[in-house]
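1. output the structure for:
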Amino acid sequence: MQLYALLEENAKTQLPDQEITGLTDDSRKVKPGMLFACIRGEHFDGHTVAAKMLEQGAAAVIADHDLGLGERQILTADTRALYGKLCAAWFGHPERKMHFIGVTGTNGKTTITNLIKHILMENGHTVGLIGTIQNEIGGKAVHTDNTTPFVYDLMQLYAQMADAGCDYVVMEVSSFGLVQQRIGDTHFDVAVFTNLTQDHLDYHGTMENYYQAKKLLFQRCDCAVIDTDDAYGRRLKDEISCPVVTYGSSHADYYADAIKLRADGTSFWLCQGDKSYPISLHLTGMFNVSNALAAVAACISAGLAPKRVREALESCTGVRGRCEVIPIDRDFTVICDYAHTPDAIENILRSIKEYTKGRLICLFGCGGNRDATKRPKMAQAAAKYADFLMITSDNPRDEKPEAIIQDILAGLAGFDVPYEVVVDRKEAILRSMQLAQKDDVIVLAGKGHEDYQVLPGGVHIHMDEREIVRECLPLVPKR
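-> All right, here's what the predicted structure looks like:
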């Protein structure tokens, strides 16, 4: 692609027009004829290697200050912002060819995006999905490493979606992705805010910074759908200028009434203004009622017919790793869920407790190299509703699992809930199943859709809890 066509008047240069062979912000990927964007990251500043990139054959570097490199530097106030524009131009502006619905918040993003995707597809749309579990193009899975891919990868994915005929893209939009401008100039028809509870403070530092990161999404949408049961949601509603649709309790535009929870689903009346409609949902738990409301509000706000939205909602069978019942031929139940924050643990256990006839057993751990202050809070949240706790490892990364567990145990002071500590997660799952009695429910919290465990040095080992449960069954006799 020619340099001047790529820049599109977004930046000026004294370089003669020339063929550009590629773009990158990764110094390890620079090849002759490429543009190199100098990005300031947490641990590395691309400006420090700009001259070296030119020596390796880069056509020019993009910098935010004069590096003394003459005409081969393209200056801009914000290299992340310009790089995002160039990536979009490189792939022919796929972000202009489709409609976008974004979902942000601490909890609920994956379920809501999957519900929206299902509703759109049931209404005849070809949908691209970008999220935590996987990316999809028209229902076909595509590999993902990040909830919100980096901007070059994202624009490339957009282009693949557009080429495949997608007219909608539904995506989880992470706080990291927003702060690091990974979504480029993507504009959203509808943006959803679920809630904000403690998470990612190892990166953002404070809850205020975390909130401000999430808020960035609502500067680039035509309509906001907000859970006003959440305090941050109520604040957001008052601080943004785009039209707002609310969901939550009876004061909201969309709310649920006469809710009945079952082990295999939920029924309720969907209320919108002065009208209400019966809904039979295949998902269970109060939090999934909230997720369903968000999906309905988003789809109707996007212009879909309300009746068709409700019909599609009722045909959705669930989401992998989100309150997922693992089939076993025993007299107790095993549920796998991604809950890995205090709020998420409390939400799922509170909901499951309502229909649990026996004991509620919660197995959980906490990730290493992440916000350590939430570890005792996780224990406190679990202790509120569980009848027995199995405390184990999650993704220890570069920390010792035993040290993480000691942080967790500190949160149990003042609680009399019985617990065991089994460091090895596979052994902990087996032990929980051997302890289970008739009508008990075991909640395996924290891993959800993940089929791996992260060990020191970033080593990933295979760990799929569905497989582990099946492997444990021969060691758990039927009664």
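2. least trustworthy helix or strand in the protein by mean pLDDT?
-> Each helix and strand of the chain was given a mean pLDDT (mean pLDDT, DSSP states H and E); the minimum falls on helix 201-204 at a mean of 65.
3. tell me the helix or strand right after that helix.
-> Downstream of helix 201-204, the first helix or strand assigned by DSSP states H and E is helix 207-215.
4. buried ones in the helix or strand just after that next one?
-> The helix or strand immediately downstream of helix 207-215 is strand 221-227, counting by DSSP H and E. For strand 221-227, the neighbour count (16 or more other C-beta atoms under 10 Å) marks 221, 223, 224, 225, 226, 227 as buried. Every C-beta, even on glycine, is put in place using the N, C-alpha and C of the backbone.
5. quick one: which of the residues you listed is nearest residue 190?
-> Residue 190 lies nearest to residue 223 out of the buried residues of strand 221-227, by C-beta to C-beta, at 5.0 Å.
6. isn't that closest one right up against residue 245?
-> Yes: contact criterion C-beta atoms under 8 Å: residue 223 and residue 245 qualify, at 6.5 Å.
7. quick check: neighbours shared by these two?
-> residue 301 (C-beta atoms under 8 Å, 6 or more residues apart in numbering).
8. sorry, back to before: any chance of TSV for the buried residues of strand 221-227, columns distance to residue 138?
-> Supplementary listing: the buried residues of strand 221-227 in TSV, determined by distance: C-beta to C-beta, whole Å:
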residue	distance to residue 138
221	24
223	25
224	27
225	24
226	29
227	29
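9. could you identify the most distant pair in the residues you listed?
-> 221 and 227 (15.5 Å).
10. avg pLDDT for the helix or strand harbouring residue 346?
-> Assigned by DSSP H and E, residue 346 falls within helix 342-353. Taken as a whole, helix 342-353 carries a mean pLDDT of 91.
11. repeat for stretch 56-63
-> For stretch 56-63, the mean pLDDT works out to 97.
12. now that stretch - C-alpha only, CSV.
-> Backbone C-alpha positions of stretch 56-63 (Å, rounded to 0.1, in the frame of the first residue of the first chain) are rendered in CSV as follows:
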residue,chain,number,x,y,z
GLN,A,56,16.9,-2.8,10.0
GLY,A,57,15.1,-1.4,6.9
ALA,A,58,11.9,0.2,8.3
ALA,A,59,10.7,2.8,5.8
ALA,A,60,9.8,5.2,8.7
VAL,A,61,9.0,5.3,12.4
ILE,A,62,6.0,6.9,14.0
ALA,A,63,7.0,8.9,17.1
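13. list the buried residues for that stretch?
-> Within stretch 56-63, the residues scored as buried using 16+ other C-beta under 10 Å are 58, 59, 60, 61, 62, 63.
14. so which of those residues belong to strands?
-> 60, 61, 62, 63 (DSSP state E).
15. tell me if I'm right that the first one and residue 16 touch.
-> Which is residue 60. No: counting by C-beta under 8 Å, residue 60 sits too far from residue 16 to count as a contact (11.1 Å).
16. quick one on the thing from earlier: among the buried residues of strand 221-227, which one sits closest to residue 299?
-> Of all those, residue 299 sits closest to residue 225, with 9.6 Å by C-beta to C-beta.
17. relative to residue 170, how far out is that closest one?
-> 13 Å (C-beta to C-beta, to the nearest Å).
18. what of residue 99?
-> Residue 99 is 9 Å from residue 170, where distance means C-beta to C-beta.
19. the more surrounded of those two?
-> Taking other C-beta atoms under 10 Å, residue 99 and residue 170 do not tie; residue 170 has more neighbours (33 against 19).
20. distance of the more buried one relative to residue 128?
-> On the measure of C-beta to C-beta, residue 170 and residue 128 end up 7 Å apart.
21. neighbours around residue 437, how many?
-> For residue 437, the neighbour count with other C-beta under 10 Å is 11.
22. in a strand, it, correct?
-> No: using DSSP: H, G, I helix; E, B strand; the rest coil, the assignment for residue 437 is coil, not a strand.
23. what stretches of the chain score poorly on pLDDT?
-> Across the chain, residues meeting the criterion (pLDDT under 70) sit at 144-147, 198-204.
24. please repeat the previous calculation with a cut-off of 80.
-> Counting by pLDDT under 80, the ranges of the chain that qualify are 42, 132-133, 143-148, 198-205, 263-264, 318, 479.
25. next, the angle from the lengthiest helix in it to strand 221-227.
-> Assignment by DSSP state H gives helix 286-301 as the longest helix of the chain. Angle, helix 286-301 to strand 221-227, by axes from the mean of the first three to the mean of the last three C-alpha atoms, to 10 degrees: 160 degrees.
26. next helix or strand past helix 286-301?
-> helix 306-314.
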